[in-house]
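Here is my input; please provide its structure:
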Amino acid sequence: MAKYVVEFIGTFFLVFTVGMTVMKPGDAGNLAPLAIGSSLMVMIFAGGHISGGHYNPAVTLAVTLRGRCSIKDAIVYVMAQALAGLVAAFTVLYLKGNPGHHATPLDPPLPPLIAEVLFTFALAYVVLNVATAKGTAGNSFYGFAIGFTVLTGAFAVGPISRGAFNPAVAEGLTVMGLANPKDLWIYLVADFAGGALAAIVFRILNPDDK
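Okay, here's the model as predicted:
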């Protein structure tokens with residue numbers, strides 16, 4: 001049970017930070033990606049030793065396909081992450097006074113789809129290599145590596161796709177009105193595809209790392 005609670009807490013604070021730093025009033029402007037990446041980093045350091053610190057259904061998919069997460073745990077992890085995204089989104093709306101901002105659709109959808117696939121792949125690829133590989137076992141830098149991958153992606157492609165790289169974050173963005181409901185499919189398809197692709201590439205590059 002502890003690892004499921006940890007996944008809820010970590011995902012909550014990630015999505016909560018996204019909403020509080022991106023949504024007006026009181027947004028963090030150009031520093032929002034730094035806050036978001038840092039929140040992920042500290043939550044990974046806080047709970048990674050208990051749950052693995054996924055906080056992202058796409059990462060859970062990648063770790064499951066890589067063989068380091070059971071199907072049962074994967075299902076409960078995704079449920080906890082999805083619930084955390086919703087709770088965080090509604091908390092942000094309450095604290096921000098429910099400003100009612102609604103984002104315009106991402107049009108055309110292909111550029112954001114590509115952007116989300118690429119950086120979700122990068123995120124899951126980094127997670128698999130720094131947090132599950134034999135060669136980096138016992139390292140103390142995995143939180144930095146994972147958090148700053150999100151930071152890099154947010155700065156690099158945030159203007160194109162809004163930089164979710166995480167279905168739970170996309171869910172939260174949609175509820176908060178920061179992403180258009182019509183675009184939710186882009187995030188779900190791209191992020192799960194990026195996670196699955198990362199797992200495939202990892203297994204090809206590390207055939208003896210079971």
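
residues contacting the residue most central in space within the chain?
Geometric centre of the chain, nearest residue: Asn166, 3.4 Å, by Cα atoms, centre = their mean. Residues counted as contacts of Asn166 (Cβ atoms under 8 Å, 6 or more residues apart in numbering) are 14, 55-59, 120, 123, 191. For the C-beta atoms, the positions are set from N, CA and C on the backbone; glycine is no exception.

now Val92
Val92 neighbours (Cβ under 8 Å, 6+ apart): 16, 19-20, 23, 172, 176.

what's the answer for Ala88, then?
11-16, 19, 172.

how about low-confidence regions in this structure?
Per-residue confidence for the chain (pLDDT under 70) gives no ranges below the cut-off.

redo that, cut-off 80
By pLDDT under 80, the weakly predicted segments of the chain are 100-101, 210.

Now the element after the helix ranked longest in the chain, going C-ward?
Of all the segments of type helix in the chain, defined by DSSP state H, the longest one is helix 71-95. Following helix 71-95 in sequence order, the next helix or strand is helix 110-127 (DSSP states H and E).

mind listing what's buried in the very next helix or strand once past that next one?
The helix or strand immediately downstream of helix 110-127 is helix 142-161, counting by DSSP H and E. By 16 or more other Cβ atoms under 10 Å, the buried positions in helix 142-161 come out as 142-154, 156-158, 161.

which strands and helices sit next to helix 142-161?
helix 32-51, helix 110-127 (3 or more Cβ pairs under 8 Å, 6 or more residues apart in numbering; DSSP states H and E).

how about these, which one is nearest Val87?
Closest approach to Val87 among these is made by helix 32-51 (15.0 Å; Cβ to Cβ).

Most widely separated two among the contacts of Ala88?
Thr11 and Gly19 (12.6 Å).

quick one, the longest helix of the chain and helix 32-51 angle?
140 degrees (axes from the mean of the first three to the mean of the last three Cα atoms, to 10 degrees).

what about helix 71-95, distance to the chain center?
12 Å (Cα atoms, centre = their mean, to the nearest Å).

now swap in stretch 125-134 and tell me
Computed by Cα atoms, centre = their mean, the chain-centroid distance of stretch 125-134 equals 16 Å.

which parts of it are buried?
Buried residues in stretch 125-134, counted by 16+ other Cβ under 10 Å: 125-133.

what residues are up against Tyr77?
The contact partners of Tyr77, by Cβ under 8 Å, 6+ apart, come to 3-4, 7, 51, 54, 57, 60, 69.

likewise Gly48?
131, 142-143.

Ok, Phe144 next?
Applying Cβ under 8 Å, 6+ apart to Phe144 gives the contacts Met41.
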